[in-house]
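Trainee: below are the sequence and a predicted model for it; my questions follow.
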Amino acid sequence: MSNEIWGVLVLIGVLFVCLGNICRSPTGEGVFQNLVEQKDLNDRITIDSAGTAAYHIGEPPDPRSQAAAKLRGIDLSDLRARRVEVQDFKKFDYLLAMDADNHANLMRMCPPGSEHKVHLMLDFGEGTKGRDVPDPYYLGGEGFEVVLDLIENASNGLLEEICNKHL
């Protein structure tokens, strides 16, 4: 089913958000981009990631995130950290916070009328509703694998929702 307005296909925007945009949110971007490409929907869904803090602007994802993703065939090396901007609430249809703190940060900066766009990432996962994606930065190697597992699970549910509601 195509979603058209005045004969133009509607592009769905998805933004993954964590604190510094070097671990969880770029992992979300990479995992979801990979899934969207597998389903041949990359011309219908635009994907990005950002952080609610400005700690790492311009930096690539954490090398441990990159290594864990690479083992699953996902390349994060071209991604660079940026901070969430108010325009993102207009540009994206889904702003997916990796945890409750970043969800609260997004809601504080959210323009009136865009609140429905802000979600917890794991609300789309099977058996993970209401949970946080843990920050692997201080957890070591296994933490990055856990993050990938959680994000892969939720990404499947997210794509299913997007396809059912918009495409």
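Mentor: That came in fine, so what should we check first? Residues are numbered from 1 along each chain as shown.

Trainee: chain neighbours aside, what residue packs nearest to Leu159?
Mentor: Among residues not flanking Leu159 along the chain, Leu35 sits closest, at 5.8 Å (Cβ to Cβ, 6 or more residues apart in numbering). Where C-beta positions appear, they are placed from N, C-alpha and C, glycine not excepted.

Trainee: tell me the pLDDT of that neighbour.
Mentor: Leu35 is assigned 98 on the pLDDT scale.

Trainee: tell me how many other residues crowd it.
Mentor: 18 (other Cβ atoms under 10 Å).

Trainee: kindly report the same for Tyr138.
Mentor: Neighbours of Tyr138 under the rule other Cβ under 10 Å: 7.

Trainee: what are the buried residues along stretch 60-68?
Mentor: Neighbour counts over stretch 60-68 (16 or more other Cβ atoms under 10 Å) mark 60-62, 64-66, 68 as buried.

Trainee: in the chain, which spans are helices?
Mentor: Listed in chain order, the helices of the chain (DSSP state H) span 24-38, 63-70, 88-91, 100-109, 141-166.

Trainee: now stretch 60-74, how far from the centre of its chain.
Mentor: The chain centre lies 15 Å from the centre of stretch 60-74; the measure is Cα atoms, centre = their mean, to the nearest Å.

Trainee: nearest to Ala53, of the helices of the chain?
Mentor: Nearest to Ala53 among these is helix 100-109; the distance by Cβ to Cβ comes to 8.2 Å.

Trainee: ramachandran angles for the residue lying closest to Val133 once chain neighbours are set aside?
Mentor: Distances taken as Cβ to Cβ, 6+ apart place Met98 nearest to Val133, at 4.2 Å, with adjacent residues excluded. Backbone torsions for Met98, taken as degrees, to the nearest 10, come to phi -80, psi -20.

Trainee: pretty sure Met98 is touching Gly20, no?
Mentor: No: using Cβ atoms under 8 Å, Met98 and Gly20 do not qualify as a contacting pair, with a distance of 10.8 Å.

Trainee: compare the two (neighbour count), which wins?
Mentor: Neighbours per residue (other Cβ under 10 Å) separate Met98 from Gly20, with Met98 holding more: 30 against 23.
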